[in-house]
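> What shape does this take:
(2 chains)
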Protein chains: 2
Amino acid sequence: MVKLNQNYKALQQSYLFSTIANKVKAFQQANPDARIIRLGIGDVTMPLVTPVVDALKNASAEMGVKETFRGYGDEQGYGFLIDAVADYYKREMGVTLGAGSVFISDGAKSDVANFTDLFDNDNVIVIPDPVYPVYMDSNVMLGRKISLIRGTEENGFLPMPTDDLEGDIFYLCSPNNPTGAVYTKQQLKQWVDFALKKGALIFFDAAYESFIVDPDLPRSIYQIEGAERCAVEFCSLSKTAGFTGTRCGYTIVPKEIEIDGQSLNRMWLRRQTTKYNGTAYIIQRGAEAVFTEEGYRACKENIAYYLGNAKVIADTLDELGIWYTGGINSPYIWLKCGMNSWDFFDRLLNECGIVGTPGSGFGACGEGYFRLTAFNTRENTIEAMQRFKTMFKQK
Amino acid sequence: MVKLNQNYKALQQSYLFSTIANKVKAFQQANPDARIIRLGIGDVTMPLVTPVVDALKNASAEMGVKETFRGYGDEQGYGFLIDAVADYYKREMGVTLGAGSVFISDGAKSDVANFTDLFDNDNVIVIPDPVYPVYMDSNVMLGRKISLIRGTEENGFLPMPTDDLEGDIFYLCSPNNPTGAVYTKQQLKQWVDFALKKGALIFFDAAYESFIVDPDLPRSIYQIEGAERCAVEFCSLSKTAGFTGTRCGYTIVPKEIEIDGQSLNRMWLRRQTTKYNGTAYIIQRGAEAVFTEEGYRACKENIAYYLGNAKVIADTLDELGIWYTGGINSPYIWLKCGMNSWDFFDRLLNECGIVGTPGSGFGACGEGYFRLTAFNTRENTIEAMQRFKTMFKQK
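You can find the predicted model right below:
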């Protein structure tokens, strides 16, 4: 008699986005003339840039010609894209990635969720609260021991290690989803030193790195000395280049990381060659175009547009004296709503026709907070903030 | 101190294809004028068909326009492709797939390797020998109890259930990789009845189904009554449409399968929504084109070409009186070489300049057998068989 993985029973069902959808639908039915503005979405809205589209079309054409057709590629990705990623790290972050350390994937979600499979169940997994739910769920599926570290107003939603913090694998996300908070180099140095001292690992999710405009803030954990001995970095083109529906990411596993005489890099290579068959050639050619001078400039223009929206929101909160994180080096704004997150959601929807995301949906520490995002048009963002101000001034 | 998954130490290192590459390189260096013909490859060689290339180009263009741009799609795939797969099953196999049972993926390898994660470690996994190595390796990574069932000349490399066969999850691959052998409906009925009686599951790998030309042979396990209560089917466009480098597949998880009151379909949905972010929109549009009348006709022409090559090989073996499986409803020919597989490899390379794959590379029961494939040109296949005949007649 076949037996199921019982750990799935411990997964929390998330009704966050379906509850939001139902509330929005009810509001729209009751108020057919209301023009709802959605600042809840975590998905990009601008199309792929022209150099990427051209590369995708060219690669599609290549696949139709015998001489340029490509069958199976290496599971870890084509050399042309691995080299482009390495050049990007060198140029943008001053980081030299070791040969063989870059693995191309179909996005950070798959890799960040699969990577924990390389470890024994007898590890303590440490996850910030609030946070992107995949870290938690992928470990619950394996029945892992999970411990949460609290994001609060006091630590600016950037939890730091303390001498008595126990754990073996630490997930960090910076710029953070959902809070938009960004660790400084000094803060990441504390984390790296802590991990090295404990023989622990850091899983660093850098999916939003390209939104960092402050040159003093780290975009890669490898900008921190020693990180190549204790950190795996996950990144994605989803937010960098609008690839949420095009699916390409990369994971850096330094060859320097040895655990009990085994190379983590070799284990991940073995995992990928056994359980993955590589990212589509066409998509890898599109991704390559992101890292060209022309492609990256165009992507940066889109990011600047989103950051302009974030600034409209941040400026409004500043004017109203509302506490928040993010909004500068991130497409997310995490504001203190001073009431239950869902009550604030209802108020914002009913009084302003604005849809956001209740902070409690990202973890218990998110209660009392609320997420707005920059992924709408400038015009809508400005109008939403006008309505927001009107509501607050009436208060 | 972080601890690794110790099961990885139990993985066999496969030197099969690297050993072949080294031997071929040495031969070419020693015989610079020899024209080597590769019949070892398991990858397609013909380009994508025009309707698919056009669909890929069109979808790429859509991604560059705000109005038609697509961000995140559902993890289980777009409705247009799910419907196209369901229509294909209906039209080609007379099978009605239940709503919500089709999951689009980046290929059968990922899904077949990840699916076993849904089960408890306390299951006995039954795998045929010889077989595609992913079934074994993905279970070794989890430390599962694995039992092998033997493919032999007597059972035509199609192992059947016996009353005393123990197990909870049974992997079947038909048409088989590497043997090309295909289960009949009667044989699959025995497997389905056996699984239902035992409360076991069948993982049915149908990656080569489109090579079946005999209308009496089953292309889907759902052509067998009762299979919807005990079988998950994995399929791929890799061989159907030359998608080995384009990456799209689908997995069927019937909603009828309930284990201990839990729906397997819902568990897989939860797995995919947590650990996968969907297949690229562009690729799904390319896949949709495979299932159009025009697209499928063109794909079938390519398959007919490969099957023509297989026939050239099969006819040669018939003429020489060599025992084999496959060669008719499969791109693979699995021949009895009457000596150690690697000795035969060396002889074929040194005397004929032909590269094949030693059967022992696919499992202990493959010793004494050898795999040739249809993925070369007709001209090369004919020449290879001429050389083969010359060698055998000199014997």
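
> so what's the residue of the stretch 251-395 of chain A found nearest chain B up against?
Chain B sits closest to residue A:275 of the stretch 251-395 of chain A, with a gap of 3.8 Å, by Cβ to the nearest Cβ. Any C-beta I mention is one placed from the backbone N, CA and C, and that applies to glycine too. The neighbours of residue A:275, taking Cβ atoms under 8 Å, 6 or more residues apart in numbering or on different chains as the test, are A:114, B:109, B:110, B:113, B:114, B:134, B:138, B:141.

> Distance check, the closest residue to residue A:365 other than its chain neighbours against chain B.
In space, and not counting its chain neighbours, residue A:365 is closest to residue A:129: 4.4 Å by Cβ to Cβ, 6 or more residues apart in numbering or on different chains. Using Cβ to the nearest Cβ, to the nearest Å, one obtains 18 Å as the distance from residue A:129 to chain B.

> Now do the helices in the stretch 251-395 of chain A.
Per DSSP state H, counting those that start in this stretch, the stretch 251-395 of chain A carries helices over the ranges A:264-275, A:281-290, A:293-320, A:341-347, A:378-394.

> which of those sits most buried?
The highest mean neighbour count among the helices of the stretch 251-395 of chain A, using mean count of other Cβ atoms under 10 Å in any protein chain shown, belongs to helix A:281-290: a mean of 27.

> Point out the other elements, helices or strands, that that one touches.
The elements that helix A:281-290 packs onto, with contact taken as 3 or more Cβ pairs under 8 Å, 6 or more residues apart in numbering or on different chains; DSSP states H and E, are helix A:50-62, helix A:79-88, helix A:293-320, helix B:50-62, helix B:281-290.

> Adding secondary structure, distance to residue B:299 and pLDDT, write the contacts of residue A:275 out as TSV.
Shown next, in TSV, are the contacts of residue A:275 (DSSP: H, G, I helix; E, B strand; the rest coil; distance: Cβ to Cβ, whole Å; pLDDT from 0 to 100):
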residue	secondary structure	distance to residue B:299	pLDDT
A:114	helix	31	98
B:109	helix	20	97
B:110	helix	22	97
B:113	helix	25	97
B:114	helix	26	98
B:134	helix	24	94
B:138	helix	28	97
B:141	coil	34	97
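
> Tell me the most packed of these, by neighbour count.
Using other Cβ atoms under 10 Å in any protein chain shown as the neighbour test, the contacts of residue A:275 are led by residue B:109, with 27 neighbours.

> List the residues that contact it.
If you count contacts by Cβ under 8 Å, 6+ apart, residue B:109 has them with A:275, A:276, A:277, B:134, B:236, B:249.

> What about the third one, how many residues nearby?
I take that to be residue A:277. Around residue A:277 there are 24 other residues, counting by other Cβ under 10 Å.

> Residue B:158: which of the helices and strands packed on helix A:281-290 is closest?
Closest to residue B:158 of those is helix B:281-290 (Cβ to Cβ; 28.4 Å).

> What average pLDDT does the closest one get?
For helix B:281-290, the per-residue pLDDT values average out at 98.

> How about stretch A:211-229?
98.

> How far off centre is it?
On the basis of Cα atoms, centre = their mean, to the nearest Å, stretch A:211-229 is displaced by 15 Å from the centre of the chain it belongs to.

> got the CA coordinates for that stretch in PDB?
What follows is stretch A:211-229, C-alpha atoms only, in PDB (Å, rounded to 0.1, in the frame of the first residue of the first chain):
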ATOM      1  CA  PHE A 211      16.500  47.700  -7.900                       C
ATOM      2  CA  ILE A 212      19.400  48.800  -5.700                       C
ATOM      3  CA  VAL A 213      20.500  52.300  -6.800                       C
ATOM      4  CA  ASP A 214      22.500  53.300  -3.700                       C
ATOM      5  CA  PRO A 215      26.100  52.300  -4.600                       C
ATOM      6  CA  ASP A 216      26.900  51.600  -0.900                       C
ATOM      7  CA  LEU A 217      24.400  48.900  -0.600                       C
ATOM      8  CA  PRO A 218      25.400  45.300  -1.500                       C
ATOM      9  CA  ARG A 219      23.700  43.700  -4.500                       C
ATOM     10  CA  SER A 220      25.400  40.400  -4.100                       C
ATOM     11  CA  ILE A 221      26.500  38.600  -0.900                       C
ATOM     12  CA  TYR A 222      29.800  37.900  -2.600                       C
ATOM     13  CA  GLN A 223      30.600  41.600  -2.200                       C
ATOM     14  CA  ILE A 224      31.200  40.500   1.400                       C
ATOM     15  CA  GLU A 225      34.600  38.900   2.300                       C
ATOM     16  CA  GLY A 226      34.300  35.300   3.200                       C
ATOM     17  CA  ALA A 227      30.800  34.800   1.700                       C
ATOM     18  CA  GLU A 228      32.200  32.400  -1.000                       C
ATOM     19  CA  ARG A 229      32.900  30.000   1.900                       C
END
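
> How about it and chain B, touching?
No: Stretch A:211-229 lies out of reach of chain B by Cβ under 8 Å from any Cβ of the partner chain, never closer than 12.2 Å.

> list the contacts for residue A:253?
Residues near residue A:253 by Cβ under 8 Å, 6+ apart: A:101, A:103, A:232, A:264, A:265, A:268.

> Stretch A:64-72 and chain B, any residue contact?
Yes: contact of stretch A:64-72 with chain B (Cβ under 8 Å from any Cβ) involves A:64, A:65, A:66, A:68, A:69, A:70, A:71, A:72.

> And those residues, which is closest to residue B:212?
Residue B:212 has its nearest neighbour among the residues of stretch A:64-72 next to chain B in residue A:71, at 21.8 Å by Cβ to Cβ.

> How confident is the prediction for that closest one, by pLDDT?
pLDDT recorded at residue A:71 is 97.

> On the three-state scheme, it is what?
Taking DSSP: H, G, I helix; E, B strand; the rest coil as the rule, one finds residue A:71 in the coil state.

> For it, which residues are in contact?
Remark: with contacts taken as Cβ under 8 Å, 6+ apart, residue A:71 is in contact with B:43, B:44, B:45, B:242, B:244, B:245.

> what about 7 Å?
Taking Cβ atoms under 7 Å, 6 or more residues apart in numbering or on different chains, we find residue A:71 in contact with B:43, B:44, B:244, B:245.

> Report the separation between it and residue B:25.
Residue A:71 sits 20 Å away from residue B:25, going by Cβ to Cβ, to the nearest Å.

> got it, and residue A:263?
Going from residue A:263 to residue B:25 by Cβ to Cβ gives 26 Å.

> Compare these two (neighbour count), which wins?
When residue A:263 and residue B:25 are compared for neighbours, residue A:263 comes out ahead with 16 against 10, by other Cβ under 10 Å.
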